[in-house]
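Q: below are the sequence and a predicted model; questions follow.
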Amino acid sequence: MSGPTADLFADDALQQPAGREQIGEESYVLRGYALPWIERLLPELRRVLAQSPFRQMVTPGGFTMSAALSSCGELGWTTDPRGYRYSPLDPRSQQPWPVMPDALRQLAEAAATEAGFSDFLPDACLINRYVPGAKMSLHQDKNERSYSAPVVSVSLGLPAIFLFGGHERSDKTQKVSLFHGDVVVWGGVDRLRFHGVMPIKAGEHPVMGAQRINLTFRTAG
Ligand code: SIN
Ligand code: FE2
């Protein structure tokens, strides 16, 4: 193909389709939704991480997770050999997790509304850091007290392939490419669907460097 129409099919046009893509009955990818927030969000995130730095945690099965974790908000998700749970204290410092910055909370609430969940009140923001090779195995988010609120997931930095499955671990998964600024929201009938992230490919993101950071907002308590 040549001429002006060829530009429409250029690689980056294909990689970053704009708008809202439905990936389930009550699940959406909001392409680039976080981009206008990023300048406000990054300094806040830096402050949170200075207080509660990334650390690698161990699963009850004895495996060290490849993604490094932190949290902000009233509750933070943790794992150790005793189990998975939400805790009001950072186990590293035994102090409360950093307060959820307004920019993060507002972004999460706005994205939830955009996806049809208009009264989302997150009390937990899990922050995952993936270096190249790190992944997240298929799992359900089910340590929250109620499943009436959606999960809002913000992607920053290197691209990822998000696996969106069904209600059984063995169900077929959709592969959804996620880029810097994309937000995924799943809730309602989709709230307990299995999901995961394939190993991150090596690369250098112009804003975030050689990493992917994912923020997942939930109502946990
Ligand atoms: C998660 O399920 O906790 C993380 C999902 C992601 O990194 O996109
Ligand atoms: Fe999850």
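A: Received it, and whenever you're ready, just let me know what you need. Numbering: from 1, shown residues only. Ligands and ions are numbered 1, 2, ... in the order given.
Q: residue contacts, the residue sitting nearest the centre point of the chain?
A: Closest to where the C-alpha atoms of the chain average out (C-alpha atoms, centre = their mean) is Ser153, at 3.3 Å. For Ser153, the contacting residues are Val183, Val184, Val185, Asn214, Leu215, Thr216, Phe217, by C-beta atoms under 8 Å, 6 or more residues apart in numbering. For the C-beta atoms, the positions are set from N, CA and C on the backbone; glycine is no exception.
Q: now flag whichever of these is closest to Glu74.
A: Phe217 (12.0 Å; C-beta to C-beta).
Q: pull the longest strand from the protein.
A: strand 64-73 (DSSP state E).
Q: report all helices and strands that that strand contacts.
A: helix 38-51, strand 55-58, strand 76-80, strand 124-130 (3 or more C-beta pairs under 8 Å, 6 or more residues apart in numbering; DSSP states H and E).
Q: so which of the ones you listed is nearest ligand 1?
A: strand 124-130 (5.0 Å; C-beta to the nearest ligand atom).
Q: so the closest residue to ligand 1 within the chain is in which element?
A: Closest approach of the chain to ligand 1 (C-beta to the nearest ligand atom) occurs at Asn214, with a separation of 3.3 Å. Using DSSP states H and E, Asn214 sits within strand 212-218.
Q: likewise Ala110?
A: Per DSSP H and E: helix 102-114 holds Ala110.
Q: contacts for that helix?
A: Outside helix 102-114, the residues touching it (C-beta under 8 Å, 6+ apart) are 20, 28, 30, 33-34, 37, 40-41, 44-45, 72, 118, 120-122, 125, 150, 152, 154, 183, 185, 187, 215, 217.
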